[in-house]
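coordinates for the following, if possible.
(6 chains)
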Number of protein chains: 4
Amino acid sequence: MADPTKREKILAAAIEVFSESGIEKAKISDVVKRAGVAQGTFYLYFSSKQSLVPAIAEQLLEEQFAYIKQQITPETRFEDQIQSMVEATFTVTKRYKQVLALCYSGLAIGGLITWEKLYQPYYEWVDQLLAEAVNRGEIRSNIRQIRVTSKLLIGLMEEAAEQLYLFDDNDEQAEIYKQETIEFIKRALMK
Amino acid sequence: MADPTKREKILAAAIEVFSESGIEKAKISDVVKRAGVAQGTFYLYFSSKQSLVPAIAEQLLEEQFAYIKQQITPETRFEDQIQSMVEATFTVTKRYKQVLALCYSGLAIGGLITWEKLYQPYYEWVDQLLAEAVNRGEIRSNIRQIRVTSKLLIGLMEEAAEQLYLFDDNDEQAEIYKQETIEFIKRALMK
Amino acid sequence: MADPTKREKILAAAIEVFSESGIEKAKISDVVKRAGVAQGTFYLYFSSKQSLVPAIAEQLLEEQFAYIKQQITPETRFEDQIQSMVEATFTVTKRYKQVLALCYSGLAIGGLITWEKLYQPYYEWVDQLLAEAVNRGEIRSNIRQIRVTSKLLIGLMEEAAEQLYLFDDNDEQAEIYKQETIEFIKRALMK
Amino acid sequence: MADPTKREKILAAAIEVFSESGIEKAKISDVVKRAGVAQGTFYLYFSSKQSLVPAIAEQLLEEQFAYIKQQITPETRFEDQIQSMVEATFTVTKRYKQVLALCYSGLAIGGLITWEKLYQPYYEWVDQLLAEAVNRGEIRSNIRQIRVTSKLLIGLMEEAAEQLYLFDDNDEQAEIYKQETIEFIKRALMK
DNA sequence: AATGAATGAGCTTTCATTCAT
DNA sequence: AATGAATGAAAGCTCATTCAT
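Next up, the predicted model:
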């Protein structure tokens, strides 16, 4: 970690280039050009083109998670928390839609375990949110395994946002998607 | 469609090779070798390597959709239909887990529209299922837009199955995942 | 061996290029340019740049051995045979001096066994020559192991020729080198 | 020669690395790592990677020559001297077999003259040995040019040792190789 | 329709060398 | 004298695609 700046420059450039060209078409030569470093410098910080993908995914998920956490107030009602989470998920998905698809595809190729590991803190955080809501009596208590529900919850929100922004790419429908998702979740979980 | 047999051989070989090697590493030369045709023959049936992906996806989705449709009886209660759909989705996902991730990634790169189009009949079919259930008074009638709900429904089931088979890859947990998914959906939609 | 012509073209070009540039500096791109084939074609006939070296060595040794064999009459006296062999060795070494050094160095890197294998027929042929001369009573019969003597004999002739053409590169001294070598061998072996 | 210690460390490391990896594969970065100096330090003592080869060769030949000289007593009979020289040559070749092939190949590429120059003192020393033996009437006096005979003599001994240790690599045959070589030389030169 | 040898653009990666500190 | 991060040219090799047969 001699010079964090340089690694970061490369990573940032890589996110841009990968977004624009897709992972297959992206050339390291473009990445380094945009990062303003020499070709060889790339290999001081990353072992290969492939090894960029987890690094990008990590950064993205971290930003994403940080943003969502920051939007949620722990003390509020679960109902409001859901609304905030959905809003946050849609916001973040919109911002990173290109790269998210990319990461998904990049990791699908060989790094499913990595992906799972990166989501771990997010899962744990939602686990806790759910557990507290159960304790407060806000949501049903017949959940067999909280982790599974957390995954369904997160999966559903992301699925909805991806449907909207990746496939429909229709911002006018945003409200409908969000409301339907919130309603879906609230009914599925709340008493 | 002069010689359906040859096209099908290539497609089947491609599904195998793509599953084994991933989309990037897969070589046309391996596909044709396994299909038992010459290198050039490939280009009589497909315009490029890329063009294989939608073709694979199409075939897979068709099989998948056919299987699910066949499992569902139109006259039964929505509750039973959900159960059957979840079962079917898990079954199909398990069978094609490798290739599904692949297709997802392959299409994510450049063909999101295609993907959407391929899902069209599936969406329509679920739309109708939901509409009938609304008519029968089995599920809530405050659904703003049926298509959005269909997407959420399908997305949730696939998400759950993928979580189970792609990430956890833990067949013992299957029952828990299924039950939780069914419970989730029933509560979300039924009166 | 679909098209021997193309492989041969590449091999011939490689011998030229390798002679001019040395093995390290030689570029495959130059080889194919001179051979008049595409870059990729090279890899249809050779698996790598490295794999050219044994192929070149093989061809060279074959030519060399063929030439030497053709110069020697089996029925003549051993004394005359030695003279012819030395002459032939010097002739051939002179002709291929560039590439011989090259092969020697190229094989020294990783393929000593190959080198030994390529010499096998030459060794056997000299073995026989010596055996016959022993039978005819022309050379001393206290040779412990004919193969060792064959190797010494061949090694000495090549060493002498290489000294002359690679290091001294002085054609005026040729006669002296040859005469001394012949004298050396005759005394060493003949009764 | 500001800091002989550092130069020597690099040289010693280079001999090791070159022996293990061969000259092409050997990396300066490995050499400096093993020498325990920084990458840039290398270029304070050597102008390039290529320039290492003559330096290595020089050191090796010096050691080799020193060892051989030390084994030979000037006053003894030529017959005994030959025996000692052959023994010494085999010993040294065995010890340095890896690096010798390497040097040979390394110099073959571009530095034949260097190689010749490095051998100069060895040639001169053998010249003198032979001259003295002629004077003492131990070997035949019809040698046309002593230098040529010295080269043949040295070449033959090294050739034999290399055959044994580089190609056969069969220590059991050592005695046969040595005896045959000694016999060969004695007959070739002695009255 | 079928073949498969030939193509060649273009990629990643390596590593000797430099130079600011 | 010493460092080691940074450089960037250079090359081996791959593989989707073409085309003469």
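
other SSEs contacting the helix ranked longest in chain A?
The longest helix of chain A (DSSP state H) is helix A:112-135. In terms of contacts (3 or more CB pairs under 8 Å, 6 or more residues apart in numbering or on different chains; DSSP states H and E), helix A:112-135 is packed against helix A:52-71, helix A:78-95, helix A:97-110, helix A:146-162. For the C-beta atoms, the positions are set from N, CA and C on the backbone; glycine is no exception.

what about these, which gets the closest to chain D?
Smallest distance to chain D across the helices and strands packed on helix A:112-135 (CB to the nearest CB): 23.4 Å, for helix A:52-71.

what's next to that closest one, contact-wise?
A:11, A:14-15, A:18, A:23, A:31, A:46, A:84-85, A:87-89, A:91-92, A:96, A:99-100, A:102-103, A:106-107, A:111, A:114-115, A:118-119, A:121-122, A:125 (CB atoms under 8 Å, 6 or more residues apart in numbering or on different chains).

and if we set it to 7 Å?
With contact meaning CB atoms under 7 Å, 6 or more residues apart in numbering or on different chains, helix A:52-71 is reached by A:11, A:14-15, A:18, A:23, A:46, A:84-85, A:88-89, A:92, A:96, A:99-100, A:103, A:106-107, A:111, A:114-115, A:118-119, A:121-122, A:125.

if we can go back for a sec, can you give me the angle the longest helix of chain A makes with helix A:52-71?
Angle of helix A:112-135 versus helix A:52-71, following axes from the mean of the first three to the mean of the last three CA atoms, to 10 degrees, is 10 degrees.

could you list the buried residues of helix A:112-135?
Neighbour-count burial for helix A:112-135, counted by 16 or more other CB atoms under 10 Å in any protein chain shown, picks out A:112, A:115, A:118-119, A:122-123, A:125-127, A:129-130, A:133-134.

let me see the mean pLDDT of it.
What helix A:112-135 shows for mean pLDDT is 89.

quick one: A:Ile146 and A:Asp127 touch, right?
Yes. Between A:Ile146 and A:Asp127 a contact is recorded at 5.1 Å, counting by CB atoms under 7 Å.

for whatever helix or strand A:Lys9 lives in, which helices and strands make contact with it?
Element membership for A:Lys9 (DSSP states H and E) is helix A:4-25. If contacts are counted by 3 or more CB pairs under 7 Å, 6 or more residues apart in numbering or on different chains; DSSP states H and E, helix A:4-25 sits against helix A:28-35, helix A:39-45, helix A:52-71, helix A:97-110, helix B:97-110.

right, is the first one up against DNA strand F?
This points to helix A:28-35. No. Helix A:28-35 is not in contact with DNA strand F by CB under 7 Å from any atom of the strand; minimum separation 7.7 Å.

now the angle from that helix to helix A:52-71?
Using the same axes, to 10 degrees: helix A:28-35 against helix A:52-71 is 50 degrees.

what's in contact with stretch A:150-157?
Residues from elsewhere that reach stretch A:150-157 (CB under 7 Å, 6+ apart): A:85-86, A:89, A:122-123, A:126-127, A:130, A:181, A:184-185, B:152, B:155-156, B:159-160, B:163, B:180-181, B:184.

likewise stretch A:169-189?
The contact list for stretch A:169-189 (CB under 7 Å, 6+ apart) reads A:79, A:82-83, A:86-87, A:90, A:139-140, A:153, A:156-157, A:160, A:164, B:144-145, B:148-149, B:152, B:184, B:187-188.

what do you get if the cut-off is 8 Å, keeping everything else the same?
With CB under 8 Å, 6+ apart, stretch A:169-189 has contacts from A:78-79, A:82-83, A:86-87, A:90, A:130, A:133, A:139-140, A:149, A:153, A:156-157, A:160-161, A:163-164, B:140, B:142-145, B:148-149, B:152, B:183-185, B:187-189.

just the buried subset of the residues you listed, written out for PyMOL, thanks.
Selection of buried members from the contacts of stretch A:169-189 for PyMOL, criterion 16+ other CB under 10 Å:
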select buried, (chain A and resi 78+79+82+83+86+90+130+133+139+149+153+156+157+160+161+163+164) or (chain B and resi 143+148+149+152+183+184+185+187+188+189)
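
from the chain's centroid, how far away is the helix holding A:Lys9?
Remark: helix A:4-25 is offset 17 Å from the chain centroid, using CA atoms, centre = their mean, to the nearest Å.

now it: buried residues?
Residues of helix A:4-25 classed as buried: A:6-7, A:9-11, A:13-19, A:22-23 (neighbour count, 16+ other CB under 10 Å).

give me the residues contacting it.
A:1, A:26-27, A:30-32, A:34-37, A:41-42, A:45-46, A:52-53, A:55-56, A:59-60, A:98-99, A:102, A:105-106, B:24, B:109-110.

of those residues, buried ones?
Listed as buried from the contacts of helix A:4-25 are A:26, A:30-32, A:34-35, A:37, A:41-42, A:45-46, A:52-53, A:55-56, A:59-60, A:98-99, A:102, A:105-106, B:24, B:109; burial here means 16+ other CB under 10 Å.

quick one: the residue nearest to A:Gln83 when sequence neighbours are not counted from D:Ala131, how far?
Nearest non-adjacent residue to A:Gln83, counting by CB to CB, 6 or more residues apart in numbering or on different chains: A:Ile182, 5.7 Å away. Distance, A:Ile182 to D:Ala131, using CB to CB, to the nearest Å: 106 Å.

again with A:Ala35
Per CB to CB, A:Ala35 is found 70 Å from D:Ala131.

try A:Leu164
According to CB to CB, A:Leu164 and D:Ala131 sit 98 Å apart.

go on, A:Ala188?
105 Å.

hmm, back to that, give me the subset of the buried ones among the contacts of helix A:4-25 touching DNA strand E.
Intersecting the buried ones among the contacts of helix A:4-25 with the contacts of DNA strand E gives A:26, A:42 (criterion: CB under 7 Å from any atom of the strand).

what about A:Gln64, how many residues nearby?
A:Gln64 has 20 neighbours, counted by other CB atoms under 10 Å in any protein chain shown.

do the one 4 residues further on as well
Residue crowding around A:Ile68 was assessed by other CB under 10 Å; the count is 21.

just A:Arg77 next, same as before
By the criterion of other CB under 10 Å, A:Arg77 has 13 neighbours.

and A:Ser84, by the same measure?
For A:Ser84, the neighbour count with other CB under 10 Å is 16.

which ones are touching it?
Taking CB under 8 Å, 6+ apart as the criterion, A:Ser84 is in contact with A:71-73, A:76.

now restrict the residues you listed to buried residues only.
Members of the contacts of A:Ser84 classed as buried by 16+ other CB under 10 Å are A:71-72.

any stretches of chain A with poor pLDDT?
Residue ranges of chain A with pLDDT under 70: A:1-4, A:104-113.

care to break it down by domain?
Following automatic domain parsing, chain A resolves into domains at A:1-49, A:52-189.

circling back: how about the buried residues of helix A:4-25, which pair is most distant?
Using CB to CB, the pair of those lying farthest apart is A:Lys6 and A:Gly22, separated by 24.9 Å.

which residue packs closest to A:Ala133, ignoring adjacent ones?
For A:Ala133, ignoring the flanking residues on the chain, the nearest one in space by CB to CB, 6+ apart is A:Phe78 at 4.0 Å.

contacts only, for the one you found.
The contact partners of A:Phe78, taken as CB under 8 Å, 6+ apart, are A:129, A:133, A:136, A:138-139, A:189-190.

measure it to A:Arg140 for me?
Distance, A:Phe78 to A:Arg140, using CB to CB: 11 Å.

so how far is A:Ile82 from the residue most central in space within chain A?
The C-alpha lying nearest the average C-alpha coordinate of chain A belongs to A:Leu61 (CA atoms, centre = their mean; 4.5 Å). According to CB to CB, A:Leu61 and A:Ile82 sit 21 Å apart.
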